[in-house]
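**Student:** pasting a predicted model and its sequence here:
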Amino acid sequence: MSDFLRLVKLVSPYWQRMLWAVLLGFLTVGSNIGLLTTSAYLISKAALHPSVAELMVAIVGVRFFGIARAVFRYLERYFSHDVTFRLLSQLRVWFYQAMEPLAPARLQIQHSGDLLSRIVSDVEVLKNFYLRVLAPPLVAVLILVLMITFYSQFAVKLTYLYLFFFVVAGLILPLGVRLRGRGLGRQMVAVRAQMNARLVDSIQGMTEIIAYGQRQAIQENVSQISGKLISLQGKTAVLSGLANSLNGLTMHLALWSILVLSIPLVTTGEIKEVYLAVLALGVLSSFEAVGNLPLTFHYLEESLAAAKRLFSITATKPTVSNPMLPTSVPDSFDLHTKGLSFSYDRDKTYALQNINLAIPQGGRVAVVGPSGAGKSTLVNLLLRFWDYQQGSIYLGGRNIKELQPEELRQLIAVVAQRTHLFNTTIRENLLLAKPTATAEELADVVHRARLDDFIQELPNGDQTYIGEGGFKLSGGQRQRIAIARALLKDAPILILDEATAGLDAVTEREVMSAIDELMQGRTCLMLTHRLTGLERMDQILVLDEGKLAEQGTHRELLQRKGLYYRMWELSRQIEQ
Ligand SMILES: Nc1ncnc2c1ncn2[C@@H]1O[C@H](COP(=O)(O)OP(=O)(O)OP(=O)(O)O)[C@@H](O)[C@H]1O
């Protein structure tokens, strides 16, 4: 299906409202025509000094059209704005819903600024598809039919002449503008996206930019893109100005031509003299319908370019597919994998190869290994962010591919090294895990995550704003909020992904004591570089280059004097 048809399909749920807006647009221009033509008739007729009774119909007509024009204009604006805003909100929800299942696997190559640009600017551009591409030509066609019927009541010659100028203004001129401004709409969408992506990137990395003295370079880059955008906007403005002037010129040529052709017809008596001004003013008032058409193709090109960017995301198939017949959520929570193998890029090396592990319900297993060994990949597969290619993962005896990804994720709480905290209050950040949590539940998790002393010292308690990414908090406080969140979620399975990495020894101990609380009664998988505190785990899996190198308790692995022993020795030397 072409992008145009897909776009039409996308806006089609509002076709009834759109038709109402088009009809009201037609009635507005129609009333304007009625107003000017009856006024012209009234003035011409009045010049002949008839009785007032003879003028009554025209007087009433002028009043009626004068009021109708204002009422229809108001209703047309109301309907077209209503439909535009409904459309925009529907498009944003549609795009977000299509994007969500793609995270994180399919979106990892996308720039966050570029995605923002798609959901904000590109969707915004699409409002023109209805407002400036679909509606004005429909109104113009209706007005053309009205005016052809009108002029044909007087003379066929006039009808052809009117048709000629209307087609010039409504079709030839827009096509000419399209030829001159070809590519402008597409470039505008692309440069706007580039600008947004650059700005978001610069804002996110502002600290690094300042620290590495790159402020000047970034500013130059932004002003260079901004220059491109301004130049494109300038070209569009020139084009729009030119189109408007040519449109006005065509309208006045039409007016003069109609007059030149009508005067002999009035002289010969084929047309009554009182209609001369009516015919001329009919042109002026009806050309309002083609006033918006010259840039139609420009807006069409811009809309199609924006739609293409949106469709390129929405047409992407998620890496993980929902099962046709999902099985019910298991009621036991032991985890085991059988011959699990996975590669991010099917042709390249395995990130995990032939992994067999078993964690009984409530068991605690640590996964250790050097950087790049495949620890985070294991989590990605457990959470079904990616689907494995070989082997299987069972949860409570059910293959996780048979579970709905959302249902599976409800069963798992993750405390990662960098948990995202939103720029809002501590309370709101906690409620993310359970929006319906009561004040008692919140107080309980805050206490168990060892956060109560800290929160009590804050002037606004848990209503304190923590800034972008929680920048007003220390690393330990951030991790304890993440732990409180996981406690609130109360999922039966817990994944700790480098949860204490980057913390100093004292803070690490404090956070670990909160983690001990969190681990109670849950099936736990702990991924870590650091080999401290692993005595408390039931089993340790040592991954190396995607393979299971060793497996056992802390004591057993030290006795084996293999990779784990070497890693442990090394970490002890570093600590000393
Ligand atoms: N999203 C991804 N796309 C493609 N390859 C990836 C992706 N994530 C990880 N990899 C690759 O998979 C392999 C395993 O990476 P993984 O992140 O699982 O290791 P890790 O043990 O968690 O490392 P670290 O301790 O440094 O976080 C690496 O070779 C890595 O380059």
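**Tutor:** Right, received. Where do you want to start?
**Student:** by mean pLDDT, point me to the weakest helix or strand of the chain.
**Tutor:** Lowest mean confidence among the helices and strands of the chain (mean pLDDT, DSSP states H and E): helix 505-519, at a mean of 81.
**Student:** report the angle between the next helix or strand after that helix and helix 505-519.
**Tutor:** Per DSSP states H and E, the first helix or strand lying C-terminal to helix 505-519 is strand 523-528. Angle, strand 523-528 to helix 505-519, by axes from the mean of the first three to the mean of the last three CA atoms, to 10 degrees: 160 degrees.
**Student:** from the chain's centre, how far out does strand 523-528 sit?
**Tutor:** 35 Å (CA atoms, centre = their mean, to the nearest Å).
**Student:** buried set for it?
**Tutor:** T523, C524, L525, M526, L527, T528 (16 or more other CB atoms under 10 Å). For every residue, glycine as well, the C-beta is placed using N, CA and C.
**Student:** one step back: contacts for the least confident helix or strand of the chain, please.
**Tutor:** 364, 413, 415, 448-450, 474-476, 479-480, 483, 486-487, 494, 496, 499-500, 503, 532-533, 536 (CB atoms under 8 Å, 6 or more residues apart in numbering).
**Student:** just stretch 168-183 next, same as before
**Tutor:** For stretch 168-183, contacts defined as CB under 8 Å, 6+ apart pick out 137, 140, 144, 235-236, 239, 242-243, 246-247, 250-251, 254, 287, 289-290, 293-298, 301.
**Student:** compute the first-to-last residue distance for that stretch.
**Tutor:** End-to-end distance of stretch 168-183 (CA to CA, to the nearest Å): 23 Å.
**Student:** report the rounded mean pLDDT for that stretch.
**Tutor:** For stretch 168-183, mean pLDDT is 93.
**Student:** how far away from the center of its chain is it?
**Tutor:** Centroid displacement of stretch 168-183 relative to its chain, using CA atoms, centre = their mean, is 31 Å.
**Student:** where does pLDDT dip in the stretch 451-576 of the chain?
**Tutor:** 575-576 (pLDDT under 70).
**Student:** try 80
**Tutor:** For the stretch 451-576 of the chain, the stretches with pLDDT under 80 are 501-508, 510-511, 530, 533, 574-576.
**Student:** the residue of it found nearest the ligand: how many residues sit nearby?
**Tutor:** Relative to the ligand, the nearest point of the stretch 451-576 of the chain is H529 (5.8 Å; CB to the nearest ligand atom). Using other CB atoms under 10 Å, H529 has 15 other residues around it.
**Student:** quick one: contacts for the most centrally placed residue in the chain?
**Tutor:** What sits nearest the mean C-alpha location of the chain, by CA atoms, centre = their mean, is I119, with 2.3 Å. With contact set as CB under 8 Å, 6+ apart, I119 has these partners: R92, F95, Y96, M99.
**Student:** inside helices: which ones of these?
**Tutor:** Judged by DSSP state H, helices contain the following of these: R92, F95, Y96, M99.
**Student:** taking those, please make a PyMOL selection of just the buried ones.
**Tutor:** Here is the PyMOL command that selects only those of these that count as buried (16+ other CB under 10 Å):
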select buried, resi 95+99
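**Student:** filter the ones in helices among the contacts of I119 down to the ones close to the ligand.
**Tutor:** By CB under 6 Å from any ligand atom, no member of the ones in helices among the contacts of I119 lies near the ligand.
**Student:** the ligand: which of the ones in helices among the contacts of I119 is nearest?
**Tutor:** Nearest to the ligand among the ones in helices among the contacts of I119: M99, at 17.3 Å, using CB to the nearest ligand atom.
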